[in-house]
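>>> Got a sequence here, can you model it:
(one chain, ligands or ions: 1)
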Amino acid sequence: EKEGYEHFMLKEIHEQPKAIRETLMRRLDDDDQIKLDGISLTLEDLENFNKIYIVACGTAYHAGLVGKYAIEKMARVPVEVDVASEFRYRDPFVDDKTLFIAISQSGETLDTLAALREAKRKGARVLSIVNVVGSSVARESDDVFYTWAGPEIAVASTKAYTTQLVCMYLIALYMGKLKGTISKEYYAEMIAELKAIPEKVEKIIEKAGEVEELAKFLYNRDQVFFIGRGIDSAVAYEGSLKLKEVSYINSFAIAAGELKHGTIALMEPETIVIALASQDRLFDKMYSNIVEVKARLAHVVSIAKEGNTKIEQESTEVIYIPNCADEVTPLLTVIPLQLFAYYVARERDEDIDKPRNLAKSVTVE
Ligand code: F6R
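Residues are numbered from 1 along each chain as shown. Below is the predicted model:
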């Protein structure tokens with residue numbers, strides 16, 4: 001079933017252009033209008049919600065962090081993102097004016113399921129973003145929005161994450177359009193950006209050899225830092241989780257602006273820092289953070305949009321992603337990070353598809 005790939009993780013990384021296309025195109029009609037799989041979210045519903053909770057675990061939680069940016073920007077409603085195991089024990093402000101969004105690949109994660117039940121009990125409307133059809137989370141939700149990623153076998157989640165992101169963007173755009181918080185032009189621009197993503201992901205995958213070389217050079221380090229601002233910080237968390245779970249290298253992700261409040265103390269000559277600098281809006285700020293770590297002689301691998309060559313001055317290496325709008329960069333920046341985690345783990349000869357101590361779905365507390 002690996003279809004010639006050495007591991008499921010690599011196969012699933014390669015399946016992303018197709019999976020993203022599937023998740024997206026099934027929801028767009030001929031006029032590029034979004035259909036939410038028959039989910040009825042009326043303007044009245046949207047005006048009733050005064051807040052949204054996005055609750056999930058692990059990688060799905062990281063998709064939720066990007067979802068917060070998208071929904072707050074496009075639909076102008078406050079969004080809180082929480083890990084399910086915390087949400088449950090916090091007596092959160094949930095009532096019938098709350099939209100609760102659960103994200104889960106397996107649909108069987110116990111903490112997510114318990115959080116969902118709690119939200120339902122308190123009167124929230126429950127929408128879930130799920131990959132496994134008919135799973136517990138799907139069955140217990142008021143509405144389900146499937147990711148259509150196909151089966152994900154590797155324990156480390158890849159295509160489930162990118163398709164969860166697509167679902168978040170679709171929901172945010174749908175809400176924004178209905179509420180009138182985004183213009184027709186902006187909506188059309190974002191749909192065009194999303195439609196262009198699968199091909200851009202393919203381009204990044206075609207250049208996987210560059211990431212493989214980098215991994216061969218860095219695989220025996222014992223710690224890696226990931227930094228970024230805005231949605232880049234959300235992707236930094238995902239890149240870090242991916243690396244630690246398959247390679248067992250101690251990795252740490254932090255919003256770049258927070259570095260100087262403590263973590264920069266750990267920077268030494270040759271410390272590996274992966275710096276996500278994909279946001280045009282935040283580029284100068286991010287550039288300053290890169291200068292700060294470079295001044296401590298860190299080995300900086302930057303991820304930036306094509307053409308943004310200024311970054312080369314302060315980076316040891318640069319991985320370029322194709323140009324795109326700031327909003328959708330997570331769909332591209334995560335790809336080299338997934339590949340990096342994969343190739344590092346392969347260099348270290350780890351059991352990539354079944355990392356130690358981990359299960360594909362966590363059905364215990
Ligand atoms: C990481 C990973 C886990 C899952 C988490 C939630 O690669 O796979 O962090 O994302 O256990 O699982 P689901 O999405 O099935 O609820």
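
>>> Give the burial count for the closest residue to residue 58 other than its chain neighbours, as a bare number.
Once flanking residues are discounted, residue 58 sits nearest to residue 241: 6.7 Å by CB to CB, 6 or more residues apart in numbering. From N, CA and C alone the C-beta is placed, and that goes for glycine too. Residues lying near residue 241 (other CB atoms under 10 Å) number 22.

>>> SS state for residue 241?
Recorded secondary structure, residue 241: helix (DSSP: H, G, I helix; E, B strand; the rest coil).

>>> Could you double-check that it sits in contact with residue 60?
No: Residue 241 is not in contact with residue 60 according to CB atoms under 8 Å; the separation is 11.0 Å.

>>> Where does the chain get nearest to the ligand, residue-wise?
As assessed by CB to the nearest ligand atom, the ligand sits closest to residue 58 within the chain, at 1.9 Å.

>>> Distance of that residue relative to residue 6?
Per CB to CB, to the nearest Å, residue 58 is found 24 Å from residue 6.

>>> got it, and residue 209?
In this view, residue 209 and residue 6 are 15 Å apart by CB to CB.

>>> Please apply the same query to residue 156.
Counting by CB to CB, the gap from residue 156 to residue 6 is 14 Å.

>>> Settle it for me: which of these two has more neighbours?
residue 156 (29 against 12).

>>> got the contact list for that one?
Counting by CB atoms under 8 Å, 6 or more residues apart in numbering, residue 156 makes contact with 9, 242, 245, 246, 341, 352, 353, 355.

>>> Kindly report the same for residue 347.
215, 216, 219, 220.

>>> Let's see that with 10 Å instead.
Residue 347 sits next to 212, 215, 216, 217, 218, 219, 220, 247 when contact means CB atoms under 10 Å, 6 or more residues apart in numbering.

>>> same question, residue 128
Residues in contact with residue 128 (CB under 10 Å, 6+ apart) are 55-56, 100-104, 107, 112-113, 116, 135-146, 167.

>>> residues in the stretch 201-350 of the chain within reach of the ligand, list them.
241, 245 (CB under 6 Å from any ligand atom).

>>> For residue 82, grab the count of nearby residues.
Considering only other CB under 10 Å, residue 82 is surrounded by 17 other residues.

>>> and stretch 146-166, how far from the chain's centre?
10 Å (CA atoms, centre = their mean, to the nearest Å).

>>> now the strands: where do they sit in the stretch 201-350 of the chain?
Using DSSP state E, counting those that start in this stretch, the strands of the stretch 201-350 of the chain run over 223-228, 250-255, 272-277, 299-305, 317-321.

>>> just those: most buried one?
Comparing the strands of the stretch 201-350 of the chain by mean neighbour count (mean count of other CB atoms under 10 Å), strand 272-277 comes out on top with a mean of 27.

>>> which helices and strands does that strand pack with?
Strand 272-277 sits against helix 208-218, strand 223-228, helix 231-247, strand 250-255, helix 283-295, strand 299-305, strand 317-321, helix 330-347, with contacts defined as 3 or more CB pairs under 10 Å, 6 or more residues apart in numbering; DSSP states H and E.

>>> Which strands border it, and is each parallel or antiparallel?
strand 223-228 (parallel), strand 299-305 (parallel) (DSSP bridges).

>>> Skipping adjacent residues, who's closest to residue 312 in space?
Using CB to CB, 6+ apart, the closest residue to residue 312 is residue 318 (5.5 Å).

>>> among the contacts of residue 156, who's most crowded?
Result: residue 341 is most packed of these (other CB under 10 Å), 30 neighbours.

>>> who's in contact with the nearest residue to it once chain neighbours are set aside?
Nearest residue to residue 341, sequence neighbours excluded (CB to CB, 6+ apart): residue 242, at 3.9 Å. Shown in contact with residue 242 (CB under 10 Å, 6+ apart): 9, 59, 62, 156-158, 161, 226, 251, 334, 337-342, 344-345.

>>> which parts of the stretch 1-150 of the chain sit against the ligand?
Counting by CB under 6 Å from any ligand atom, the stretch 1-150 of the chain sits next to the ligand at 57, 58, 59, 60, 104, 105, 106, 109, 112.

>>> helix, strand or coil for the last one?
So the one you mean is residue 112. Residue 112 ends up helix, using three-state DSSP.

>>> Go ahead and confirm residue 262 touches residue 254.
Yes: between residue 262 and residue 254 there is a contact under CB atoms under 10 Å: 8.9 Å.

>>> dump the residue contacts of the closest residue to residue 153 other than its chain neighbours.
Among residues not flanking residue 153 along the chain, residue 8 sits closest, at 4.2 Å (CB to CB, 6+ apart). By CB under 10 Å, 6+ apart, residue 8 lies in contact with 1-2, 15, 151-156, 158, 352-354.
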